[in-house]
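Enquirer: fold the following.
(chains A, B and C)
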Amino acid sequence: MVVHTDYLWFNTKQRQEFVRITDQIATIVQKSGVKDGTVLVSAMHITAGVFVNDWETGLIHDFQVWLEELAPAGRDYRHHQTGEDNADAHLKRTVMGHQVMLPITGGALDLGPWEQVFYAEFDGQRKKRVVIKVMGI
Amino acid sequence: MVVHTDYLWFNTKQRQEFVRITDQIATIVQKSGVKDGTVLVSAMHITAGVFVNDWETGLIHDFQVWLEELAPAGRDYRHHQTGEDNADAHLKRTVMGHQVMLPITGGALDLGPWEQVFYAEFDGQRKKRVVIKVMGI
Amino acid sequence: MVVHTDYLWFNTKQRQEFVRITDQIATIVQKSGVKDGTVLVSAMHITAGVFVNDWETGLIHDFQVWLEELAPAGRDYRHHQTGEDNADAHLKRTVMGHQVMLPITGGALDLGPWEQVFYAEFDGQRKKRVVIKVMGI
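Expert: Numbering: from 1, shown residues only, chains lettered A, B, ... in the order given. Okay, here's the model as predicted:
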């Protein structure tokens, strides 16, 4: 059994930004030598997420508009009494999810035709990390 | 260590349909020979989900009404400028989640008394796939 | 390869309560002897969740207020025709998620600086269980 650990670093220009990371994950899987197994991709910061969905600019816009409706910024959140201003980012990342498990078959990511992996930043403009854990044979 | 891969195919009659798949997953786990480990069950299409909840018709109805409120169909989504009409399906599957990890103990799914696994279709009436990856000893 | 299974029991005083469980999970990981791998932490009851976020009282309050808006109690849910009164708990746990996979590196949980694991009870005051499955080398 092989267990391979890696990390990806992000420092987005925008406060909120979705970054496609499918290719980076595929490269890490290849480097691990795992032919059959899974890879965990998990945000290590609690105002960021990781999700699988479509690589289509319009839909990414729809996601961001929708998240603003479900979990608006600028409300009088109690979390802000600590001096923070990012309670909405904690809620938004909860809706999107903060981690995915991707199957590996035949040495490659076993994804459906439109599945793409994204890092979802909701409070960026600073360094943040994602952990990748490949496990298998 | 054993890694066993399988797939389930769906082609629902309704556009939106929740299908209980606990028994199919249990059969695949048995076939894998894994006695102790986990099984990943993950939708390979980005307008479908996989979730664990109650097998009760009323609650399934409540879920569907609730999802329609949170992520309504028929809005002027930007994704629809591509010719698609299913942006709401992408959002709904995000709320429900698109994958679960189920524990295996003593050669069987180690589920709580009411846990049932469902495939959640939000844009059906076509062939779609779920990947199952059993890992363990 | 090591696979180690454990369970945590909860019986909260409040109907809705978020309980920090990071330390209990860390202890189980240590007990397992796994140095490199993952641990699945999954609620076995369908009105409870497990999530990773901030250990800050104000934010926990914000989460609970927000969940009440997204999935209010006291509505005329169809699930209640069975005699139940907890449909909202099923919905709330779906928003928060019911399981997490935590990476293990160097024999310890490989968490970001603010990541804390919580058990989220939405229909408590009775005994409920969480399953923990540690896998690795």
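Enquirer: is the residue positioned nearest the centre of chain A in a helix, a strand, or coil?
Expert: Centroid check for chain A by CA atoms, centre = their mean gives A:Val50 as the closest residue, at 1.9 Å. Look at A:Val50: counting by DSSP: H, G, I helix; E, B strand; the rest coil, its state is strand.
Enquirer: ok, it touching A:Arg129?
Expert: No - with contact defined as CB atoms under 8 Å, A:Val50 does not count as touching A:Arg129 (11.5 Å). Every residue, glycine included, has its C-beta placed from N, CA and C.
Enquirer: returning to that earlier point: contacts only, for the residue nearest to the centre of chain A.
Expert: Going by CB atoms under 8 Å, 6 or more residues apart in numbering or on different chains, A:Val50 touches A:21, A:41-43, A:97-100, A:117-120, A:130.
Enquirer: and A:Leu109, how far from chain B?
Expert: Distance of A:Leu109 to chain B, given as CB to the nearest CB, to the nearest Å: 11 Å.
Enquirer: for that residue, give me the pLDDT.
Expert: A:Leu109 carries a pLDDT value of 98.
Enquirer: give me the number of residues near it?
Expert: By other CB atoms under 10 Å in any protein chain shown, the residues close to A:Leu109 number 18.
Enquirer: of the contacts of A:Val50, which are in range of chain C?
Expert: A:Ser42, A:Ala43, A:Gly97, A:His98, A:Gln99 (CB under 8 Å from any CB of the partner chain).
Enquirer: who wins for most neighbours among those?
Expert: Most surrounded of those: other CB under 10 Å gives A:Ala43, at 28 neighbours.
Enquirer: for the residue in chain A that chain B sits nearest to, which residues are in contact?
Expert: In chain A, the residue found nearest to chain B is A:Gly112; the distance is 3.1 Å by CB to the nearest CB. Taking CB under 8 Å, 6+ apart, we find A:Gly112 in contact with B:Ala43, B:Met44, B:His45, B:Ile46, B:Arg129.
Enquirer: tell me how far the residue of chain A found nearest chain C lies from B:Gly74.
Expert: With CB to the nearest CB, the shortest gap between chain A and chain C falls at A:Met44, namely 3.1 Å. The spacing between A:Met44 and B:Gly74, counted by CB to CB, to the nearest Å, is 38 Å.
Enquirer: higher neighbour count, these two?
Expert: A:Met44 (21 against 10).
Enquirer: thought the more buried one was touching C:Leu109?
Expert: No - between A:Met44 and C:Leu109 there is no contact under CB under 8 Å: 11.1 Å.
Enquirer: can I assume A:Val41 sits in a strand?
Expert: Yes - according to three-state DSSP, A:Val41 belongs to a strand.
Enquirer: in space, what's closest to the most far-flung residue of chain A relative to its centre - neighbours in sequence excluded?
Expert: Distance from the centre of chain A peaks at A:Gln81, with 27.7 Å (CA atoms, centre = their mean). Once flanking residues are discounted, A:Gln81 sits nearest to C:Gly58: 5.5 Å by CB to CB, 6 or more residues apart in numbering or on different chains.
Enquirer: for A:Phe51, what are its contacts?
Expert: So A:Phe51 contacts A:Met96, A:Gly97, A:Val100, A:Val117, A:Phe118, A:Ala120, B:Thr94 (CB under 8 Å, 6+ apart).
Enquirer: just A:Ile25 next, same as before
Expert: A:Ile25 makes contacts with A:Val39, A:Val41, A:Leu102, A:Leu109, A:Val117, A:Ile132, as judged by CB under 8 Å, 6+ apart.
Enquirer: what of A:Ala43?
Expert: A:Gly49, A:Val50, A:Arg93, A:His98, A:Gln99, A:Tyr119, A:Ala120, A:Lys128, A:Val130, C:Gly112.
Enquirer: skipping its backbone neighbours, what lies nearest the fifth one in space?
Expert: With CB to CB, 6+ apart as the measure, A:Ser42 is the residue that lies nearest to A:Gln99, at 3.7 Å, once sequence neighbours are left out.
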